[in-house]
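Chemist: I would like the atomic coordinates for the input below:
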Amino acid sequence: MADFIVKSAVKDRLDDQNVAADFYDALDEDVAELLDDAARRAADNDRKTVQTRDL
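Modeler: Numbers count the residues shown, from 1 in each chain. The predicted structure is shown next:
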């Protein structure tokens, strides 16, 4: 699996929270799904460019 998130950025964003190790894997999977869905919406609209509205 590709890493779509930067763990240090997540940790910085959640600076007042502890982050479980498995959280990063789950977040990475959610991001992968989000990207796949956005690409599919762009393709469904005959576009090769993924845009904000595809999110």
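Chemist: in stretch 14-23, what counts as buried?
Modeler: Across stretch 14-23, burial judged by 16 or more other CB atoms under 10 Å covers no residue at all. For the C-beta atoms, the positions are set from N, CA and C on the backbone; glycine is no exception.
Chemist: from start to finish, how long is that stretch in a straight line?
Modeler: One end of stretch 14-23 sits 12 Å from the other (CA to CA, to the nearest Å).
Chemist: pLDDT weak spots in this structure?
Modeler: For the chain, the stretches with pLDDT under 70 are 1-2.
Chemist: swap in 50 and give it another go.
Modeler: In the prediction, the chain carries no residues with pLDDT under 50.
Chemist: just give me the longest helix of the chain.
Modeler: The single longest helix within the chain, with elements called by DSSP state H, is helix 21-44.
Chemist: what does it rub up against?
Modeler: Helix 21-44 is contacted from outside by 1-5, 7, 10, 48-51, 54-55, using CB atoms under 8 Å, 6 or more residues apart in numbering.
Chemist: mind putting the residues you listed in a markdown table, distance to residue 23, secondary structure and neighbour count included?
Modeler: What follows is those, written out as a markdown table (distance: CB to CB, whole Å; DSSP: H, G, I helix; E, B strand; the rest coil; neighbours: other CB atoms under 10 Å):
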| residue | distance to residue 23 | secondary structure | neighbour count |
| --- | --- | --- | --- |
| 1 | 15 | coil | 7 |
| 2 | 17 | coil | 7 |
| 3 | 14 | coil | 11 |
| 4 | 14 | coil | 13 |
| 5 | 10 | coil | 15 |
| 7 | 10 | helix | 14 |
| 10 | 8 | helix | 15 |
| 48 | 33 | coil | 7 |
| 49 | 31 | coil | 7 |
| 50 | 26 | coil | 15 |
| 51 | 29 | coil | 11 |
| 54 | 26 | helix | 18 |
| 55 | 21 | coil | 10 |
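Chemist: farthest pair within those residues?
Modeler: Within the contacts of helix 21-44, 7 and 48 form the most distant pair, 30.7 Å apart (CB to CB).
Chemist: re earlier: give the buried residues for the longest helix of the chain.
Modeler: 24, 28, 38, 42.
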